[in-house]
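>>> sequence first, then the predicted structure:
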Amino acid sequence: MSRPAERYAQILDQIIAPFDLSHDFGRKRAYEAAIDYARQNLLADPHANDFLKTAATRLGFAAISFDELENRVKVPKNAWLDMWISDEDDEVALTGTKEGIQYLIDLLTHLRDAGDPEQHVHLDRGLLPMTESSANLVLFKEEESWFTGAGAEAAQDFPQREIDPKQIYAIQFIHYPPDDLPISAHKLYRVLKVEDDDGYSPSVKEFGDGSETRYYKFTFVADNDDRFTYSFHLDDPAVNYFTHREILKLAMRSV
């Protein structure tokens, strides 16, 4: 057991000690107390979700997680960042003030140390510290095998996202979207319907590194207000998928 895990096990022992764990009501109150402790003391701790997972396992509940790393780092005064993408030179430029660069360093440090593999960071255009003219920036952490494919033959074709296709509410393209679709990179598109793909869809964004069984057909409204049905791979890193819960979180951040 790692040192943080040992420390959190001791803290959890102290938190749940006053509760009667022989029945569901007592375990529920103990779990709520553990969540309150994490919310008050561990929001800035990269191992907060490890603590919550330990508590959930010990008490027999589904684990919750604090999945917005950006909430753990306060945006300092005079912090500005701007992401510029050239359409001609295939070039990206990230510009920041001293405070903005330090904020990004702090975010990346939390992302580096996060124990939850699903953790990622959204920095959206027009929301501090990003400028109104900036592109959106999304930061992910992946294992080396995500880039090299090493060991994929022994496990699976490509690291699979843990996502229920039927829960996908919106879709976003990180890199260049298909040329035959009137859509834009980084923009969110409302998904109207998700269907199983039979492997014979005439419109598909190919992803050769993934399993053939991970394609799904998505119906959504494009920039010209027309409906399109197109097949995308769930594990394609050029495509982001969002549940309704994640969209609500993004909306709350912009208020």
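Happy to help now that I have it.

>>> relative to residue 105, how far out is residue 73?
Distance of residue 73 to residue 105, given as CB to CB, to the nearest Å: 10 Å. C-beta coordinates here come from the backbone N, C-alpha and C atoms, glycine included.

>>> which of those two has more neighbours?
Between residue 73 and residue 105, counted using other CB atoms under 10 Å, the more crowded position is residue 73 (18 against 11).

>>> what sits against the more buried one?
By CB atoms under 8 Å, 6 or more residues apart in numbering, the residues touching residue 73 are 44, 103, 106-107, 110.

>>> does the nearest residue to residue 26 once chain neighbours are set aside belong to a helix, a strand or coil?
In this structure, residue 26 finds its nearest non-sequential neighbour in residue 20, 3.9 Å apart by CB to CB, 6 or more residues apart in numbering. At residue 20 the chain is in coil, as set by DSSP: H, G, I helix; E, B strand; the rest coil.

>>> residue 20 contacts residue 28, doesn't it?
No - Residue 20 lies out of contact with residue 28 (CB atoms under 8 Å); the separation is 11.1 Å.

>>> ok, these two, which is more surrounded?
When residue 20 and residue 28 are compared for neighbours, residue 28 comes out ahead with 14 against 11, by other CB under 10 Å.

>>> let me know the average pLDDT across the helix or strand that contains that one.
Following DSSP states H and E, one finds residue 28 within helix 24-41. The pLDDT scores in helix 24-41 average 83.

>>> for the helix or strand that that helix is followed by, packing partners?
Following helix 24-41 in sequence order, the next helix or strand is helix 48-59 (DSSP H and E). Here helix 48-59 touches helix 3-16, helix 24-41, going by 3 or more CB pairs under 8 Å, 6 or more residues apart in numbering; DSSP states H and E.

>>> OK, contacts around the closest residue to residue 172 other than its chain neighbours?
Counting by CB to CB, 6+ apart, residue 172 lies nearest to residue 240, which is 4.2 Å off, once chain neighbours are set aside. Neighbour list for residue 240: 138, 171-174 [criterion: CB under 8 Å, 6+ apart].

>>> repeat the analysis, applying 7 Å as the threshold.
By CB atoms under 7 Å, 6 or more residues apart in numbering, residue 240 lies in contact with 138, 172, 174.

>>> most neighbours, which of those residues?
Within these, residue 172 tops the neighbour count with 19 neighbours, counted by other CB under 10 Å.

>>> output the contacts of residue 73 as a markdown table; include the columns pLDDT.
Below are the contacts of residue 73 laid out as a markdown table (pLDDT from 0 to 100):
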| residue | pLDDT |
| --- | --- |
| 44 | 64 |
| 103 | 92 |
| 106 | 90 |
| 107 | 88 |
| 110 | 81 |
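
>>> among those residues, who's most crowded?
residue 103 (23 neighbours).

>>> pretty sure that one sits in a helix.
Yes - using three-state DSSP, the assignment for residue 103 is a helix.

>>> contacting residues around the closest residue to it other than its chain neighbours?
Closest residue in space to residue 103, ignoring its immediate chain neighbours: residue 79 at 4.8 Å, by CB to CB, 6+ apart. Residue 79 sits next to 97, 99-100, 103, 128-129 when contact means CB under 7 Å, 6+ apart.

>>> quick check on these: which are buried?
Judged by neighbour count, with 16 or more other CB atoms under 10 Å as the criterion, the buried members of the contacts of residue 79 are 99-100, 103, 129.

>>> could you dump those residues to TSV with secondary structure?
Listed next are the buried ones among the contacts of residue 79 as TSV, based on three-state DSSP:
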residue	secondary structure
99	helix
100	helix
103	helix
129	coil
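
>>> reformat these as TSV; add distance to residue 203.
Formatted as TSV, the buried ones among the contacts of residue 79 follow (distance: CB to CB, whole Å):
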residue	distance to residue 203
99	45
100	40
103	41
129	38
